[in-house]
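> One predicted model, sequence on top.
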Amino acid sequence: YGQTGSGKTFTITGGTERYADRGVIPRVLSYLFERCKKDTEAQYTIYISFLEIYNNSGFDLLDAAHEDGNSMEDLQKVVILEDENGNMHLKG
């Protein structure tokens, strides 16, 4: 959460002008795949979700249904749950 225009999206996705301006997600993905490439003794399976939280509903932006031009309201929602210890869980 944060104020409009405070840089949330830029922090996560980064800029498009310079490689040095990439955000958290591109940096993490680069790191993960570099680590997997270096470790030839193991086999990895990587699953990725890219969730947008909007009005307390989560939407997986990588869901194939999103590519069909469906609106956010038509996508399967991801429910955000909090357990008794204050940990957040996503279900959907």
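That came through, no problem.
> What residues sit buried inside the top strand by length along the chain?
The single longest strand within the chain, with elements called by DSSP state E, is strand 77-82. Across strand 77-82, burial judged by 16 or more other Cβ atoms under 10 Å covers Val78. For glycine as for every other residue, the C-beta is placed from the backbone atoms N, C-alpha and C.
> just checking, what packs against that strand?
strand 57-60, strand 88-91 (3 or more Cβ pairs under 8 Å, 6 or more residues apart in numbering; DSSP states H and E).
> other SSEs contacting the first one?
Right, strand 57-60. strand 51-54, strand 77-82.
> The longest one pairs with which strands?
Looking at strand 77-82 with DSSP bridges, its paired strands and their directions are strand 57-60 (antiparallel), strand 88-91 (antiparallel).
> Make TSV out of those and add distance to Lys38 and mean neighbour count.
Formatted as TSV, those follow (distance: least, Cβ to Cβ, whole Å; neighbours: other Cβ atoms under 10 Å):
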stretch	distance to Lys38	mean neighbour count
strand 57-60	29	18
strand 88-91	30	10
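> about what we covered before: the helices and strands packed on strand 57-60: which one's closest to Phe33?
Proximity to Phe33 (Cβ to Cβ) singles out strand 51-54 among those, at 20.3 Å.
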